[in-house]
Each structure stands twice: as C-alpha cells, then as structure tokens.
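**Q** fold the stuff below for me.
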Amino acid sequence: MEEMDIDDNSYKKLLTPGGCHRSKQLLKHAVVCLGFLCVVLLAGNIGQFFFYETHCTAVIGVLQTNNNITTQNYEIDSTEKNGVQSMYKYLSVNKNHLEVRMRNLTNEKEELQKDELEVRFRDVTSQRDQLQTQYGTLKNESDQLKTSYDEMKQSFREIVRNHKNFTADANQLQTKYTDLQREKEELRANFTAFVQNTDRLQRTYSSSVRHEKHQLQQSLDIMNKSKSQTENNYKQLLTNYSSLVTDTEKLQKNLNKMTDKVRGMLCPKKWTKFKTSCYFVSTERRNWTESRHACVDEGADLMIIDSHEEQVFVNRLLHKDQNAWIGLTDSVEDGVWMWLDGNTVTTTFWQAEQPNNYGGNQDCGELVQTQSGGEWNDDGCFSKQISICEK
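**A** Residues are numbered from 1 along each chain as shown. Reported below is the predicted structural model:
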C-alpha cells in the first residue's frame, strides 16, 4: 500500500502542469540530440566525399574528430535512452496502478449501482405496498358503497311498500271520515235536542235549588252556633291544661326534693355522699371500659363533673398523685370531648397543653390528683388504673 501511494504521488506529479512540461523538455532534448547526431553524420559523409583525395589527412583528423563526437553523442544517447527506459518503466508501473484503481473504481461503481438498485427496489416495493393498501382501502370502500346501495335499494322497496300501504290506509281513512261526518250530523241533531231538554231541566232545577239553598242556610246558622260553643269549650280546656301543667311542675319539684332526701339517706357502704350524688373510688386497676362496666354493675356509671365544687370534692377522695378514670371520652368524634350522658363538656379542668392525643390513641379522660384541686388529662383507654363511680 505504501508503494502504491508513492507511485500515485509520482503519477500525480506527472499529471500536474510542471510534470508534463519536464517530460516535454526531456523529449525535446532527445530529439535535438538525435537530429544533431544525424547532421554531424551527414556532414562527415559529405566532407569525406568532397575532400577525400585532397585532404586525406585533414579528413582523417576530421573523421577522428567526428568519431569522438559520435562516441560522445552515443554516450549521450545511451544516457537519454536509459532515462527514457526509466520513464517508460515508471509509466508502466503507473499504468498498472491506474488499472488497479480503475478496477477498484469499477467495483465501487458496481456496488454503488447495486446499492442504488436496492434502494430503488425498496422504494418500488414500498410504493407497491402503498398501492396494495390503497387498493384494499378502495376495495373496502367499494364493498361499503355496495352494501349501502343494497341497503338503500331495500329501503326504497320498503318505502314503495309503505306508500302502497299508506294509500290503502288513506282510502280507509277517507271512508271513515265520511262515516264520521254522517255521525257528526246525527250528533249535532242529538245535541240540539239535548240543549232543549237541558233548558227545560234548568228551569225545573232552579226552583228546587232555591228551596234546598234555604234549607242549607238554616243548617249553616246552626253549625256556626255550635262552632262558637266548641271554641268556648276549647278555651276552657286550654285553661284547665295550663293549670294541670303548673300542678305537674309543682309535683315534679316535690318529687325531686323527696328524691334528694332519699339519696342523702341511702348512700351504700364505702360510698361517699356529695349533695345529691354518691361516689365510690375503686381499688382495683382496670382499663376505661372495664371500669365503666364495674360502675354499671353497682347501679352507677363513671362520674360526671358539673362544677368546680364537685371537682374539688372528688380530688380529695384521691391520694397524692393518683389518676382515676372519669366518664369523659372523645371516642365518638376525635377532638370532641363528651360526658357519658351525651352532653358536651362545657366546664373543663385540663392540665396545661392537654388534651394532646399523644400517639394518636388517647380517647379517654382521667382525673389527676393535685394540691390545687385536681386536673384532667387524656390517656389511652387501654391503661389500667383506678376509677370513680357516681350514682
């Protein structure tokens, strides 16, 4: 490959204007030398022919001189011949390289033509596929049009058949219309007779209606008198009802007083009385639900704190730093604290920053014993501790 690159470069040098000019100069020198040689030989022969006899010595000298010149020219011709042979060999090598390049270019041309043919073949194949697709689409459209034509043809036949039916129905309707017209005339005659009978009945009815109206008016007057008496009786009943309500309220107050007296007299053993309620502090530790069940079993429930006095009272029932369950929870709606009787908490005694629902599962309230009168805290309903019952 390196030799081919060198020869290619040499060939390129020859093909350049400078290389061609040098080749022409070499050829020109060779032609001049050959011509000069011919002229010298010709001059020698002519000199030999004219001066052979009179100038033998001179001719011999001239011949020797010519012989020397001829020898020199021959040496010059040999050198130029060697150069021409070298040039010929060089051109032969370049020719071989050019032939090799020609074959390579021919192969590349064939490959390019082959690639171009393959591209054209792919294009033709793609066009053929597109044409086939278009043909399939057109065929589908043709089938659809044919189907639509058949449907329209069938619809047209149905329209023609319906038209015939409508024509027959129209003839029947025309016949019925004629019959109705005849019946209309008969009804009009009957209506005229009916109007006449109605007028006669109206005159008869008017006299009887006036009599009945008079009787109804008398009955209405009697009913109005009865209404007035009924209203008076209703007012009297309302008065009696108000009196009964007042008496009932008085009785309820007396009953409440008696109930308070009974409660004050009947607090069980180990229960502590405060106003009208009894309180019991359990000694067994249970969770909030179990503590409530235990209170219910005693006929009570976890206590409800309604005032500051009651808060201070139950705080005294606990030992120092004790916690006890009370009837306070937000298990129905998170964040809305309610007593077990369903009332919303209004008076509160929460500790600072409480309730905080720590861990997301503190839904029951407890009373924490303090020196200041007790405070509330929210805790997990699963914790086990004592409780306070109230009944």
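**Q** got a list of contacts for the lengthiest strand in the chain?
**A** Taking DSSP state E as the criterion, the chain has its longest strand at strand 323-329. By CB atoms under 8 Å, 6 or more residues apart in numbering, the residues outside strand 323-329 that reach it are 281, 288, 291-292, 301-305, 318, 337-341, 345, 363-369, 376-377, 379, 381, 385-388, 390. Just so you know, the C-beta spots here come from the backbone N, C-alpha and C atoms, and that holds for glycine as well.
**Q** so which of those sit within helices?
**A** Secondary structure from DSSP state H places 288, 291, 292 of those in helices.
**Q** quick one: the nearest residue to residue 306 once chain neighbours are set aside from residue 299, how far?
**A** With sequence-adjacent residues excluded and distances taken as CB to CB, 6 or more residues apart in numbering, residue 306 is closest to residue 347, at 7.0 Å. Here residue 347 is placed at a distance of 26 Å from residue 299 (CB to CB, to the nearest Å).
**Q** likewise residue 197?
**A** Relative to residue 299, residue 197 is positioned 87 Å away (criterion: CB to CB).
**Q** what's the answer for residue 390, then?
**A** 11 Å.
**Q** if you count neighbours, what's buried in the longest strand of the chain?
**A** Buried positions in strand 323-329, judged by neighbour count with 16 or more other CB atoms under 10 Å: 324, 325, 326, 327, 328, 329.
**Q** now it, how far from the chain's geometric center?
**A** Its chain's C-alpha centre and that of strand 323-329 lie 51 Å apart, by CA atoms, centre = their mean, to the nearest Å.
**Q** partners of it in the sheet?
**A** Neighbouring strands of strand 323-329 in its sheet, by DSSP bridges, are strand 338-339 (antiparallel), strand 364-368 (antiparallel), strand 386-390 (parallel).
**Q** so what touches the last one?
**A** What that stands for is strand 386-390. Taking CB under 8 Å, 6+ apart as the rule, strand 386-390 contacts 277-286, 288, 291-292, 294-295, 298, 300-304, 314, 317, 322-327, 367.
**Q** over to the shortest one?
**A** If you take CB under 8 Å, 6+ apart as the criterion, strand 338-339 is touched by 304, 327, 328, 329, 330, 332, 344, 345.
**Q** count of neighbours near the last one?
**A** By the measure other CB atoms under 10 Å, the count of residues near residue 345 is 17.
**Q** once you drop chain neighbours, what's closest to it?
**A** Computed as CB to CB, 6+ apart, the closest residue to residue 345 that is not its neighbour in sequence is residue 337, at 4.6 Å.
**Q** test my guess that that neighbour contacts residue 355.
**A** Yes. The pair residue 337 / residue 355 is scored as a contact, 7.1 Å apart, by CB atoms under 8 Å.
**Q** the strands in this protein, which residues?
**A** Counting by DSSP E, the chain has strands at residues 272-274, 277-281, 301-302, 323-329, 338-339, 364-368, 375-379, 386-390.
**Q** quick one: pLDDT of residue 44?
**A** As predicted, residue 44 sits at a pLDDT of 74.
**Q** ok, now residue 50?
**A** The model reports residue 50 with a pLDDT of 64.
**Q** domains in the chain, by residue range?
**A** 1-208, 269-390 (automatic domain parsing).
**Q** would you single out the least confident of those?
**A** If you rank the domains of the chain by mean pLDDT, domain 1-208 sits at the bottom with a mean of 75.
**Q** now it, how far from the centre of its chain.
**A** Per CA atoms, centre = their mean, the centroid offset for domain 1-208 relative to its chain is 48 Å.
**Q** show me what the longest helix belonging to the chain is packed up against.
**A** Determined from DSSP H, the single longest helix within the chain is helix 56-265. Counting contacts by 3 or more CB pairs under 8 Å, 6 or more residues apart in numbering; DSSP states H and E, helix 56-265 is packed against helix 2-15, helix 17-50.
**Q** from residue 274, how far off is residue 327?
**A** For residue 327, the distance to residue 274 - CB to CB - is 15 Å.
**Q** and residue 282, what does it touch?
**A** Contact analysis of residue 282 by CB under 8 Å, 6+ apart lists 291, 294, 386, 387, 388, 389.
**Q** which one of the residues you listed is nearest residue 351?
**A** residue 388 (17.4 Å; CB to CB).
**Q** now for residue 128, how many residues are close by?
**A** Applying other CB under 10 Å, we find 10 other residues in the vicinity of residue 128.
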